[in-house]
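Visitor: coords below, sequence missing:
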């Protein structure tokens, strides 16, 4: 058990098929960099999540991208702006985050777990990218 790191499994539907996801959440804390280095080697996809109401959390994404590039090069990643339900407190403009994601070859989502907005979609898109990367998209096409 590692205090501050959450591990969870969940199953999503992707094109009518069940996909099991194993999720490691380090809460973006720098003290988990060493652990991230170990677990990222086996990662097939990474969600980089920041808080749209916290500029510091967005600015910290650069550090995580450097870690990923060093320890998990080529692993697909998606940029996720969290807490969209607090958009009135926004410190990170949507267009800035979208441009950042594009510059770093990432898909971009803004989500609100509280409102259940775009959460499943972000995991589904990352799963789709991972499956396509591994040439498995053919087995996921329905009715074939």
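Guide: The structure has been received and is ready for your questions. The structure presented is a predicted model; accordingly, all values stated were derived computationally and were not measured.
Visitor: just checking, residue 65 is part of a helix?
Guide: Yes: checked against DSSP: H, G, I helix; E, B strand; the rest coil, residue 65 lies within a helix.
Visitor: Please state the backbone phi and psi of the nearest residue to it once chain neighbours are set aside?
Guide: Spatial nearest neighbour of residue 65, chain neighbours left out: residue 104 (6.2 Å); criterion: C-beta to C-beta, 6 or more residues apart in numbering. Yep, even glycine has a C-beta here, placed from its N, CA and C like the rest. Note on residue 104: backbone dihedrals following degrees, to the nearest 10 are phi -100, psi 20.
Visitor: what's the answer for the one 10 residues further on, then?
Guide: Main-chain dihedrals, residue 114, degrees, to the nearest 10: phi -60, psi -40.
Visitor: Would you mind checking the average pLDDT for stretch 100-111?
Guide: The average pLDDT for stretch 100-111 rounds to 98.
Visitor: contact partners of the helix or strand that contains residue 122?
Guide: According to DSSP states H and E, residue 122 maps onto helix 119-133. By C-beta atoms under 8 Å, 6 or more residues apart in numbering, the surrounding residues in contact with helix 119-133 are 10, 12-14, 19, 21, 44-45, 47, 76, 78, 80, 107, 109, 111-113, 137, 140.
Visitor: 7 Å instead, please
Guide: 12, 14, 19, 21, 44-45, 47, 76, 78, 80, 107, 109, 111, 113, 137, 140 (C-beta atoms under 7 Å, 6 or more residues apart in numbering).
Visitor: of those, buried ones?
Guide: 19, 21, 44-45, 47, 76, 78, 80, 107, 109, 111, 140 (16 or more other C-beta atoms under 10 Å).
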